[in-house]
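Participant: sequence and predicted structure are below.
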Amino acid sequence: MSHAIIAPPEAVFTVGDVARDAGVAPSAVRFYEKTGVITAQRDSGNQRRFDAIAACRIKVAKLAQRVGLTVREIADLFADLPPNPGPQEWGRIATELIAESERRTAELRTCLTELQSGGKLCESIDRIP
């Protein structure tokens with residue numbers, strides 16, 4: 001029985017390529033690299049080169065930020081992803097984002113209920129867990 005070896009995608013994409021594909025500014029690509037959401041290799045001219053999955057990671061990171069995760073939390077969430085994640089790995093990320101979204105939605109509903117109670121806001125805030 002032979003086993004296929006899946007090589008990690010080559011790091012050939014520039015900051016500009018990744019920015020365009022992810023729909024962000026080049027400075028955002030550098031920011032996401034600095035915070036550990038994506039990684040780059042340096043070429044012989046010391047320029048950053050990214051693999052094909054970098055833009056996808058940024059798109060998912062932007063979604064996670066909309067859920068309310070910090071960039072540090074997103075980097076931690078991505079820490080266990082292999083270089084070329086498949087559906088199972090992205091499914092795990094989706095499951096975690098859904099759970100966090102539901103938790104935060106429940107918390108916001110509690111806040112909304114207290115805001116609509118008609119009481120003094122400072123007392124309402126004291127009742128929010």
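Facilitator: Here it is on my side, so go on.
Participant: for the chain, name the helix or strand with the lowest mean pLDDT.
Facilitator: When the helices and strands of the chain are scored by mean pLDDT, DSSP states H and E, helix 121-127 comes last with a mean of 72.
Participant: for that helix, name the packing helices and strands.
Facilitator: helix 87-115 (3 or more CB pairs under 8 Å, 6 or more residues apart in numbering; DSSP states H and E). For glycine as for every other residue, the C-beta is placed from the backbone atoms N, C-alpha and C.
Participant: buried ones in the helix it packs on?
Facilitator: 93, 97, 100-101, 114 (16 or more other CB atoms under 10 Å).
Participant: make JSON lines out of the residues you listed and add distance to residue 66 and pLDDT.
Facilitator: Below are the buried residues of helix 87-115 laid out as JSON lines (distance: CB to CB, whole Å; pLDDT from 0 to 100):
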{"residue": "93", "distance to residue 66": "14", "pLDDT": "96"}
{"residue": "97", "distance to residue 66": "10", "pLDDT": "96"}
{"residue": "100", "distance to residue 66": "11", "pLDDT": "95"}
{"residue": "101", "distance to residue 66": "9", "pLDDT": "95"}
{"residue": "114", "distance to residue 66": "24", "pLDDT": "83"}
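Participant: now do the least confident helix or strand of the chain: everything it contacts.
Facilitator: With contacts defined as CB atoms under 8 Å, 6 or more residues apart in numbering, helix 121-127 is touched by 114-115, 117.
Participant: of those, which is the nearest to residue 61?
Facilitator: residue 115 (30.4 Å; CB to CB).
Participant: how about low-confidence regions in this structure?
Facilitator: By pLDDT under 70, the low-scoring segments of the chain are 1-9, 11, 124, 129.
Participant: closest to the centroid, which residue in it?
Facilitator: Nearest to the mean C-alpha position of the chain, by CA atoms, centre = their mean, lies residue 61 at 2.1 Å.
Participant: return the alpha-carbon coordinates of the helix or strand encompassing that residue using CSV.
Facilitator: For residue 61, the element it lies in under DSSP states H and E is helix 54-67. Extracted as CSV, the C-alpha positions of helix 54-67 are listed here (Å, rounded to 0.1, in the frame of the first residue of the first chain):
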residue,chain,number,x,y,z
ALA,A,54,-2.7,32.7,4.0
ALA,A,55,-5.5,34.6,2.4
CYS,A,56,-8.0,32.0,3.6
ARG,A,57,-6.7,32.3,7.1
ILE,A,58,-7.1,36.1,7.0
LYS,A,59,-10.7,35.8,5.7
VAL,A,60,-11.5,33.4,8.6
ALA,A,61,-9.7,35.7,11.0
LYS,A,62,-11.9,38.6,9.8
LEU,A,63,-15.0,36.5,10.5
ALA,A,64,-13.7,35.5,13.9
GLN,A,65,-13.1,39.2,14.7
ARG,A,66,-16.7,39.9,13.8
VAL,A,67,-17.7,37.3,16.3
